[in-house]
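Enquirer: just to be clear, the model below is a prediction. Sequence and coordinates:
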Amino acid sequence: MKIAVEEDKCCGAGQCVVLAPEVFDQRDDDGIVVLLDETPSRELHEQVREAAGVCPGACIHLDETA
């Protein structure tokens, strides 16, 4: 799995950080998503899928073939 985020679409809701804190964080000044790990371990894939699914800005994109 490879992850990409579109920072300009992020609304700073922080659901990704709650669901997958090993993979996502937020900038202190504006809450915009920070991608910590673009190729997370297999053990984190389900959490990342859930985070992408609940993202209100639809800014998390997953490439499951990577």
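Expert: Looks like it arrived, so ask away.

Enquirer: what residue ranges in this structure score low on pLDDT?
Expert: Applying pLDDT under 70 to the chain flags residues 66.

Enquirer: give me the contacts around the longest helix anywhere in the chain.
Expert: Using DSSP state H, we find that the single longest helix of the chain is helix 45-54. Helix 45-54 is contacted from outside by Met1, Ile3, Gln15, Cys16, Leu19, Ala20, Val23, Phe24, Pro40, Ile60, His61, Leu62, using C-beta atoms under 8 Å, 6 or more residues apart in numbering. In short, each C-beta sits where N, CA and C put it, glycine included.

Enquirer: write the PyMOL selection for whichever of those residues are buried.
Expert: Buried members of those, defined by 16 or more other C-beta atoms under 10 Å, are picked up in PyMOL with:
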select buried, resi 1+3+15+16+19+20+23+24+40+60+62
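
Enquirer: want to try TSV for the contacts of helix 45-54, with distance to Val48 as columns?
Expert: Listed next are the contacts of helix 45-54 as TSV, based on distance: C-beta to C-beta, whole Å:
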residue	distance to Val48
Met1	7
Ile3	6
Gln15	12
Cys16	8
Leu19	8
Ala20	5
Val23	6
Phe24	8
Pro40	6
Ile60	8
His61	11
Leu62	7
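
Enquirer: helices of the chain, residue ranges please.
Expert: For the chain, helices defined by DSSP H occupy the ranges 15-19, 45-54.

Enquirer: for the ones you listed, which one sits closest to Asp29?
Expert: Judged by C-beta to C-beta, the one of the helices of the chain that comes nearest to Asp29 is helix 15-19, at 15.1 Å.
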